[in-house]
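**Student:** Predicted model follows, preceded by the sequence.
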Amino acid sequence: MSSSLLLYGMVEADAVVGPLSPGVQEATVESLAESGVRCFFSRVDELGTDANRFRDDALRFHGVLREILDRAAVAPFRFPTLLGDERELREFLAGQAAAYAEDLRRLRGMVQMEVRIRPEAGFSHPQSGKEYMEARTAEARRLSALAESIHAGAGELASQWRARQETGGLRCYALLRREQVAEFEQRARSLSPVQGASILVSGPWPASEFLHVRSS
């Protein structure tokens with residue numbers, strides 16, 4: 001059975017990233033450097049479609065990404081991103097390495113924190129479509145105001161900030177230096193409890209939302 005290359009992520013070529021734990025399917029995680037970036041990958045057989053196996057593979061994939069992130073800024077790939085062989089990988093890097101290298105230089109030493117804001121209760125049952133839309137608009141404004149309070153509280157820590165509507169709430173992204181993670185968490189969680197809303201802070205994550213190049 002022929003294997004494929006499963007891509008994990010890219011770092012600057014001179015970043016010091018030591019040996020990594022085995023990746024998906026217990027395969028050795030290898031790397032290839034080209035034009036200022038280093039791409040991490042492993043050789044895998046066909047990925048299973050069974051839900052439990054897929055979940056386990058995804059967890060191992062993200063575990064490898066976490067190890068890389070602990071050592072350097074990383075531009076992650078979505079799971080699963082597959083290429084046929086090293087020739088295809090070199091061709092991909094030949095076209096994309098310069099853009100990735102620029103992003104990684106800009107994000108050197110930076111990580112992404114996420115704040116998810118959700119209403120704790122659903123809408124009451126309005127009597128009309130107009131009431132429903134008014135309730136939705138009021139809820140969105142309330143969550144946006146809460147997000148702005150968190151952004152303001154983060155102050156100088158968040159060099160960039162983005163917020164996106166998602167099903168059931170709002171997701172915010174903050175770009176900050178990795179040594180500022182603990183202070184950001186403390187500030188975000190020090191807000192007085194907000195009645196009717198929950199706040200979940202997570203990270204650090206790769207700075208995916210702040211990449212100019214979007215990984216496949």
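**Tutor:** Alright, I've got the coordinates.
**Student:** for this structure, what helix or strand is lowest in average pLDDT?
**Tutor:** Between all helices and strands in the chain, the lowest mean by mean pLDDT, DSSP states H and E belongs to helix 129-154, at a mean of 81.
**Student:** That one - contacts with which helices or strands?
**Tutor:** In terms of contact count using 3 or more Cβ pairs under 8 Å, 6 or more residues apart in numbering; DSSP states H and E, helix 129-154 is assigned the packing partners strand 110-119, strand 160-166, strand 169-177, helix 181-189, strand 197-205. All C-beta atoms are positioned from the backbone trio N, CA, C, and that covers glycine.
**Student:** Could you dump the ones you listed into TSV with mean neighbour count added?
**Tutor:** Shown next, in TSV, are those (neighbours: other Cβ atoms under 10 Å):
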stretch	mean neighbour count
strand 110-119	20
strand 160-166	14
strand 169-177	21
helix 181-189	16
strand 197-205	16
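**Student:** Can I get these in TSV including distance to residue 83?
**Tutor:** TSV is the format used below for these (distance: least, Cβ to Cβ, whole Å):
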stretch	distance to residue 83
strand 110-119	25
strand 160-166	29
strand 169-177	28
helix 181-189	33
strand 197-205	24
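**Student:** surely residue 61 meets residue 81?
**Tutor:** No. The criterion here is Cβ atoms under 8 Å, and residue 61 misses it with residue 81 at 9.8 Å.
**Student:** Show me which of those two is the more surrounded one.
**Tutor:** With neighbours defined as other Cβ atoms under 10 Å, residue 61 and residue 81 compare such that residue 61 has more, 24 against 18.
**Student:** Please report how far the more buried one lies from residue 107.
**Tutor:** Distance check for residue 61 against residue 107: by Cβ to Cβ, to the nearest Å, it reads 21 Å.
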